[in-house]
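[1] with the sequence up front, the predicted model follows.
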Amino acid sequence: MENHTPAGLSPWTRRCLHRYAMPERARREIVAALALAARPSLLQRARTWRLPWQGIAAGFAAGVSAGVIAIGMQAPATATAGMEQEVISSHVRSLMAHHLSDVSTADGERVRSWFSDKLDYAPRVDDLSPLGYALVGGRLDYVAGRAVGAVVYSRARHVVNLFACPLAGRPGERRSVSGRGYSAVGWTDKSMQYWAVADVDMDELERLAVQLQRLSAR
């Protein structure tokens, strides 16, 4: 090996201090090893590059899931809200157009028979005379995107439209809403949804709804 000593040192220091040059091959191997250690591996760089996209993907998935859950939770409530507004509108139209019934009779069997030829389900036609409500008749209406049956009753010049359609909900659930001078009360059983609409006090309509629920539960 070649012997090198720094300049400017005393003869004694020169004799004690010797530095030997590193072989060129060894120097290159060490330099290459240090450079490799300081540089991220391809796998590390791939992981680093993928992390932001993993976060974005995770956030997108979470957002979609939340949106699906939100939609699953809100759809029934939205459908019900739309239904209650539609039955009030249908009730008002029947009064304005003087089209309360397609079949006008106080005979419940005749009204039921008339509906059987028009609908794929059988609306209830109850005798409400003990409660002070006289049967006027029945008609076809269009609510919530389908044909529904409306059974019409009257009491002291007040008209009650009782809508029935096979839109199932939680059994026993009841909703009430008022608007434009009219009251509407809706409830469901295992297979049907009912809405009673009239221009009467909400308390009176609620009492009627309770009696109708009891009749439908028999």
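    That came through fine. This is a predicted model, so every value here is computed, not measured.

[2] run through the strands of the protein in chain order.
    3-4, 19-20, 103-104, 134-143, 146-155, 158-165, 174-179, 182-188, 193-198 (DSSP state E).

[3] report how many residues lie close to Val148.
    The local packing count at Val148 equals 25, with neighbours defined by other CB atoms under 10 Å. Heads up, the C-betas are built off the backbone N, CA and C, glycines and all.

[4] I'd assumed Asp141 was in contact with it.
    Yes - assessed by CB atoms under 8 Å, Val148 is found in contact with Asp141 at 5.4 Å.

[5] find residues that contact each of those two.
    Phe163 (CB atoms under 8 Å, 6 or more residues apart in numbering).

[6] so where's this protein uncertain?
    Using pLDDT under 70 as the threshold, the predicted model of the chain has low-confidence ranges 1-81, 168-172.

[7] winner for burial among the strands of the chain?
    Between those, strand 193-198 has the highest mean count of neighbours, a mean of 24, where neighbours are mean count of other CB atoms under 10 Å.

[8] now for Ala164: which residues touch it?
    Residues counted as contacts of Ala164 (CB under 8 Å, 6+ apart) are 121, 123-124, 148-151, 192-194.

[9] also Ala184?
    When contacts are counted by CB under 8 Å, 6+ apart, Ala184 touches 84, 87-88, 91, 176-178, 195-197, 205.

[10] between those, which is nearest Cys165?
    Sorting these by how near they are to Cys165, with CB to CB, puts Trp195 at the top with 8.6 Å.

[11] which residue sits closest to Glu206, ignoring its sequence neighbours?
    The shortest distance from Glu206 to any residue other than its chain neighbours is 5.9 Å, reached at Val185 (CB to CB, 6 or more residues apart in numbering).

[12] didn't that neighbour look like it was pressed against Ser178?
    No - under the contact definition of CB under 8 Å, Val185 does not touch Ser178, with a separation of 9.9 Å.

[13] quick one: the helices in this protein, in order.
    11-16, 24-38, 42-96, 108-116, 202-216 (DSSP state H).

[14] isn't Val177 up against Glu84?
    Yes - applying CB under 8 Å, one finds Val177 in contact with Glu84, separated by 4.8 Å.

[15] could you give the number of residues near Asp117?
    Counted with other CB under 10 Å, residues neighbouring Asp117 total 6.

[16] what of the one 3 residues further on?
    When neighbours are counted by other CB under 10 Å, Asp120 registers 8.

[17] so what's it up against?
    By CB under 8 Å, 6+ apart, the contact list for Asp120 is empty.

[18] ok, now which ones touch Ser178?
    Per CB under 8 Å, 6+ apart, neighbours of Ser178: 184, 202.
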